[in-house]
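Student: Predicted model and sequence below, questions to follow.
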Amino acid sequence: MTTTVTSHRTRPPAQPDSLRAKRLPWYAAPAIAVAALALSAVVVYGTGIGGPVLVVVLGAILYLVGLFAAANVVEGRRSARNRTWSALIHSTFVLAVLPLVSVVWTLVSKGADRLDVNFFQTSMNNIGARDANGGAYHAIVGTLEQVGIATLITVPLGVLCAIYIVEYGRGKFAFTIRFFVDVMTGIPSIVSGLFVLAFWVLIVSPWFNDGRPSFSGFAAALALSVLMLPTIVRSTEEMLRLVPAPLREGAYALGVPKWKTILRVVLPTALPGIVTGVMLAIARAAGETAPVLLVAGGGAAINTNPFENSQSSLSLFVYQQAGDASKYAPARAWTAALTLVALVLILTIAAKLLARRNRLSR
Amino acid sequence: MGETPHRSADAGTGGTRVTQSHEWPAGASARVAEAPVSTRSPGGTGLGGGGALPRSRKFGAERAFRGLTLAAGTAVLVIIAAIAIFLVAKAVPALRANTENFWSYEGWSPNETEPKFGIGALAFGTVLSSALALLIAVPVALGIALYLSHYAPRRLGTALGFLVDLLAAVPSVVFGLWGRDVFSSPVRDFSVWLNHHFGWIPLFGGDGPFGASVMLGALVLAIMVLPIITSLSREVFLQTPTANEEAALALGATRWEMLRTAVLPYGRPGIIAAMMLGLGRALGETIALALTLGITFGISFNLIQNGGNTIAANIANAFGEANETGRGALIASGLVLFAITLIVNITARAIIYRRREFTESAA
């Protein structure tokens, strides 16, 4: 960089050996890795401070240091930094994959134990600590009903709210709504559960129930609605914004009033994206435990009426079984967890595939 | 409603405000379409014979639909206000009945005849576990995001990115169960090792038992928020203009220098926002921590001894045997949690609104 033109004119530089900069040979990195592992094994077992895990961890650190030093000598500082950071970034990936693979593996291996027909046909009613059977039928019914009701509440409300923000709202008020929708995405699920507990279970439900507060699946649906609403508003909003303006203007030019344009032109165009957002919201709501724990009651019997008496849900079932002292409870918990994850993942994958086919999305 | 924008007589013809259209929502061009029913001046004195056009109807479908959407929009504000109001309404009687200082008392026994409960230890535990989780998760998540966006082969990166998105959807109760049943034993071994060799550091001191500790909770939390932060920051990194990256490479930058000078600065607001969203998740996380922490009431920086508690985990654990005052006390603690997350979220949103390059779709 600092060679000057004058020096070039007076004395041409010696021909370099090669135009390429010097590089570490291909076998340098594996060799350093082996040396680092060997050194760390000697250190760890020599001093007796740990086992094989420590050998690997210390070896990785030594490898990074050794790689940096070797590259620094041969290739220069910048290249050494590049190599070290690249190695670090690759190692974070490995580091994160380990626990996540462990989660998936445990889920499948432990969940398979009780994955039988009985599990999906029975409830936990009259199942004592010594009974090996018992199932999650009541919980599956609860999850489906609660999430279904929550979807029925939030989809119209959320889509209308998004239409207001995108099509009608202007000025401070629309901005405020938008901002608070964003803020609402961050409300912890347990707070929404407490809200419904304070509002519906303790204050409103006694009116229908002879003055006694009553847990119900509907209360859980309300709590889930609070969680689903902002997700649906945000995704619908993004989709409505992606609808090309010429479509709207074409409709206006034909004399179609605005509300009809929105309902007949804008919404159908954005529909696949909206459905994707709704499915993602449903998937998130189906996995929520905390609000259901507070307001649904978590009964052990099959209760198909969401408006009366306590109901359970799959995620709550997992939590209840996890806290159960019976030796058969963990197997039930893991199978229910596997069912729950399967449900959530099917919804999510379907939503993402739908999004991929959507012509509007980026 | 007072927010209905003032319509000037020239609104129907486009008016002067067309030049500001970027401040308007996407449907802004529709002013013209709204105009036929709402802006006819009754006098009809304008140029162009407006009197021939249909007069505005007071209760047309346009107004009805508009009112409907406005009501839906207002519902969001009503819900947020209602959350605050109802929580306060139920919390106040319990706080009145509290015989100790709510902010400083370390303990939670609101069900006795002389209720005693304090938020101090719980709030401390919440902040400590979330901060630790973020400290662990953010560097790793950024590393994975960079790997997926700039190191991995494109096909592999897309496939793994899809997988990360899926992991973000796994319910927290599953992570909690895994943390308690599987992950706690390696963490216990690690804690014992830390205690043996680094016991002189107060963080790793104590006489045990180890395992169900703040460290386990924070690690499980970190693993939970990892996919969220990764997926958001990967999206931002992918949005870096190719021109910037190629310019850096053309100037002779190594790949890391390109990342440092082009990608990371471009993605900074997005990274901050992703961190804040992850923090929001971690603060409000209930079940995973209720299953992994060893529920104690006390302020301690010891990371490896059984103990630790958070506001949300305490609500899940104590709700079962709570009486009237107990419920009120839990609602009061939920109110504090609500306030903390609200502050975090508003800060995050303010950062995002300041720099709009970052569009998040997942959360």
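Tutor: Yes, it's here. Numbering: from 1, shown residues only, chains lettered A, B, ... in the order given.

Student: Could you use CA atoms for every contact and neighbour count after this?
Tutor: Will do.

Student: need the residues of the stretch 251-363 of chain B near chain A, please.
Tutor: The stretch 251-363 of chain B comes close to chain A at residues B:254-257, B:277, B:280-281, B:283-287, B:312, B:316, B:319, B:331, B:334-335, B:337-338, B:341-342, B:345-346, B:349, B:361, B:363, as judged by Cα under 8 Å from any Cα of the partner chain.

Student: out of those residues, which are buried?
Tutor: Buried members of these, scored by 16 or more other Cα atoms under 10 Å in any protein chain shown, are B:254-257, B:277, B:280-281, B:283-287, B:312, B:316, B:319, B:331, B:334-335, B:337-338, B:341-342, B:345-346, B:349, B:363.

Student: Tell me the helix or strand right after the longest helix belonging to chain B.
Tutor: If you go by DSSP state H, chain B has its longest helix at helix B:61-97. Next helix or strand after helix B:61-97 toward the C-terminus (DSSP states H and E): strand B:108-109.

Student: residues making contact with that following strand?
Tutor: Strand B:108-109 has contacts (Cα atoms under 8 Å, 6 or more residues apart in numbering or on different chains) with B:Pro115, B:Lys116, B:Phe117, B:Gly118, B:Phe297, B:Gly326.

Student: Among those residues, name the least confidently predicted one.
Tutor: By pLDDT, B:Phe297 ranks lowest within these, coming in at 83.

Student: Next, the contact list for it, please.
Tutor: Contacts of B:Phe297 were listed using Cα under 8 Å, 6+ apart, and they are B:Glu106, B:Gly107, B:Trp108, B:Ala121, B:Leu122, B:Gly308, B:Asn309.

Student: One more pass at 6 Å, please.
Tutor: If you count contacts by Cα atoms under 6 Å, 6 or more residues apart in numbering or on different chains, B:Phe297 has them with B:Glu106, B:Gly107.

Student: Would you double-check that it falls in a helix?
Tutor: No: counting by DSSP: H, G, I helix; E, B strand; the rest coil, B:Phe297 falls outside a helix, being coil.

Student: Lowest mean pLDDT among the helices and strands of chain A, which one is it?
Tutor: One helix or strand of chain A scores below all others by mean pLDDT, DSSP states H and E: helix A:5-10, with a mean of 49.

Student: ok, so of the contacts of strand B:108-109, who is nearest A:Ile302?
Tutor: Distance to A:Ile302 across the contacts of strand B:108-109 (Cα to Cα) is lowest for B:Gly326, with 29.2 Å.

Student: isn't B:Gly73 right up against A:Cys161?
Tutor: Yes: using Cα atoms under 6 Å, B:Gly73 is in contact with A:Cys161, at 4.4 Å.

Student: between the two, who's got more neighbours?
Tutor: Ranked by neighbour count (other Cα atoms under 10 Å in any protein chain shown), B:Gly73 and A:Cys161 place A:Cys161 first, with 34 against 28.

Student: Check which helix or strand that one maps to.
Tutor: In this assignment (DSSP H and E), A:Cys161 forms part of helix A:137-163.

Student: buried set for that helix?
Tutor: Applying 16+ other Cα under 10 Å to helix A:137-163 flags A:137-143, A:145-147, A:149-151, A:153-163 as buried.

Student: Near chain B, list only the ones from the residues you listed.
Tutor: Restricting the buried residues of helix A:137-163 to those near chain B by Cα under 6 Å from any Cα of the partner chain leaves A:Leu157, A:Leu160, A:Cys161.

Student: I'd like those laid out as CSV, including pLDDT.
Tutor: Shown next, in CSV, are those (pLDDT from 0 to 100):
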residue, pLDDT
A:Leu157, 95
A:Leu160, 95
A:Cys161, 95
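
Student: which residues touch the helix or strand containing B:Leu156?
Tutor: B:Leu156 belongs to helix B:154-168 when assigned by DSSP H and E. The contact list for helix B:154-168, computed with Cα under 6 Å, 6+ apart, reads B:Leu148, B:Pro227, B:Ile228.

Student: ok, 7 Å please
Tutor: With contacts defined as Cα atoms under 7 Å, 6 or more residues apart in numbering or on different chains, helix B:154-168 is touched by A:Leu345, A:Thr348, B:Leu148, B:Ser149, B:Pro227, B:Ile228, B:Ser231.

Student: just the residues you listed now: which is nearest A:Pro52?
Tutor: Nearest to A:Pro52 out of these is B:Pro227 (Cα to Cα; 28.3 Å).

Student: Enumerate the residues of the stretch 51-200 of chain B near chain A.
Tutor: Applying Cα under 7 Å from any Cα of the partner chain, we find that the stretch 51-200 of chain B lies next to chain A at B:62, B:65, B:69-70, B:72-73, B:76-77, B:83, B:86-87, B:90, B:140, B:143-144, B:147, B:166, B:169-171, B:173-174, B:177-178.

Student: Whichever of those end up buried, select them in ChimeraX.
Tutor: Entered in ChimeraX, the line below selects the buried ones among these, by 16+ other Cα under 10 Å:
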select /B:62,65,69,70,72,73,76,77,83,86,87,90,140,143,144,147,166,169,170,171,173,174,177,178
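
Student: For A:Leu197, which residues are in contact?
Tutor: Shown in contact with A:Leu197 (Cα under 7 Å, 6+ apart): A:Leu294, A:Val295.

Student: mind checking how far stretch B:155-162 is from the chain centre?
Tutor: Centroid displacement of stretch B:155-162 relative to its chain, using Cα atoms, centre = their mean, to the nearest Å, is 25 Å.

Student: Please read the previous query as pertaining to stretch B:255-269.
Tutor: Distance, centroid of stretch B:255-269 to centroid of chain: 25 Å (Cα atoms, centre = their mean).

Student: and if you look at stretch A:176-193?
Tutor: Averaging C-alpha positions (Cα atoms, centre = their mean) puts stretch A:176-193 17 Å from its chain's average.

Student: In the chain, where is pLDDT below threshold?
Tutor: I went with chain A, as the question did not name one. A:1-19, A:358-362 (pLDDT under 70).

Student: that's the other chain; I wanted chain B
Tutor: Ranges of chain B meeting pLDDT under 70: B:1-59, B:354-363.

Student: now do the same end-to-end measure for stretch B:233-243.
Tutor: Terminal residues of stretch B:233-243 are spaced 19 Å apart (Cα to Cα, to the nearest Å).

Student: How about stretch A:165-178?
Tutor: 7 Å.

Student: tell me the domain ranges of chain A?
Tutor: What the record gives for chain A is the domain set A:23-111, A:120-357, from automatic domain parsing.

Student: check whether stretch A:97-104 contacts chain B.
Tutor: Yes: on the criterion Cα under 7 Å from any Cα, stretch A:97-104 is in touch with chain B at A:Val103.

Student: Now do that stretch: everything it contacts.
Tutor: The contact list for stretch A:97-104 (Cα under 7 Å, 6+ apart) reads B:Trp178.

Student: CA atoms only for it, dumped as CSV, please.
Tutor: Taking Å, rounded to 0.1, in the frame of the first residue of the first chain, the C-alpha atoms of stretch A:97-104 are listed here in CSV:
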residue,chain,number,x,y,z
VAL,A,97,-26.9,-27.5,17.6
LEU,A,98,-26.0,-29.9,20.4
PRO,A,99,-28.8,-28.9,22.9
LEU,A,100,-31.4,-28.5,20.2
VAL,A,101,-30.6,-31.9,18.8
SER,A,102,-30.8,-33.3,22.3
VAL,A,103,-34.3,-31.7,22.8
VAL,A,104,-35.6,-33.2,19.6
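
Student: Show me which residues of it are buried.
Tutor: Neighbour-count burial for stretch A:97-104 [16+ other Cα under 10 Å]: A:Pro99, A:Leu100, A:Val103, A:Val104.
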